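Q: Model the structure of this input:
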Amino acid sequence: MNKMYSRKEAAAMLGISVSTLDNARNAGEISYVQFVPGGCVFFTDDGLNEYIASCTHRARRKPKNIKENERGNRYEQSEK
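A: Numbering: from 1, shown residues only. I've put the predicted structure just below:
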């Protein structure tokens, strides 16, 4: 059986607020367990991992003509 986490525990594990977690749950972005209608909501490891995977983006290479100055600001370098 999977360990189940409360809303507060799950939000802390994900590094988000409980209200953000509730918004994701209400939008159908994260799975949850609720034994009785209107009762407490719980989250499983599998559900949390699926949510993390859905929020993960692949790193992209920056185009060769995009440079950064000493402050980290990006700008497009014109072709010479």
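Q: Please make it C-alpha for all contacts and neighbour counts, starting now.
A: Fine.
Q: Now do the most centrally placed residue in the chain, the pLDDT please.
A: Centroid-nearest residue in the chain, with Cα atoms, centre = their mean: residue 55, separated by 4.3 Å. Residue 55 is assigned a predicted lDDT (pLDDT) of 92.
Q: Kindly report the same for residue 41.
A: Residue 41 is assigned a predicted lDDT (pLDDT) of 96.
Q: what's the closest residue to it other than its chain neighbours in contact with, if anything?
A: The shortest distance from residue 41 to any non-neighbouring residue, by Cα to Cα, 6 or more residues apart in numbering, is to residue 34 (4.9 Å). Residues in contact with residue 34, defined by Cα atoms under 8 Å, 6 or more residues apart in numbering, are 40, 41, 42.
Q: and the first one, helix, strand or coil?
A: With DSSP: H, G, I helix; E, B strand; the rest coil as the basis, the three-state label of residue 40 is coil.
Q: and the closest residue to it other than its chain neighbours, how far is that from residue 61?
A: Of all residues not flanking residue 40 in the chain, residue 34 sits nearest, at 6.1 Å (Cα to Cα, 6+ apart). To residue 61, residue 34 is 42 Å away according to Cα to Cα, to the nearest Å.
Q: Flag every buried residue along stretch 34-45.
A: In terms of neighbour count (16 or more other Cα atoms under 10 Å), stretch 34-45 has its buried residues at 41, 42, 43, 44.
Q: returning to what we had before: any idea how far the residue nearest to residue 41 lies from residue 44?
A: 11 Å.
Q: Now residue 2: closest residue in space, sequence neighbours ignored.
A: Among residues not flanking residue 2 along the chain, residue 44 sits closest, at 6.1 Å (Cα to Cα, 6+ apart).
Q: And for residue 6?
A: In this structure, residue 6 finds its nearest non-sequential neighbour in residue 42, 4.9 Å apart by Cα to Cα, 6+ apart.
Q: and the one you found, what is it in contact with?
A: Residue 42 makes contact with 4, 5, 6, 7, 32, 33, 34 under the criterion Cα under 8 Å, 6+ apart.
Q: where's it relative to residue 21, distance?
A: Separation of residue 42 from residue 21 (Cα to Cα): 11 Å.
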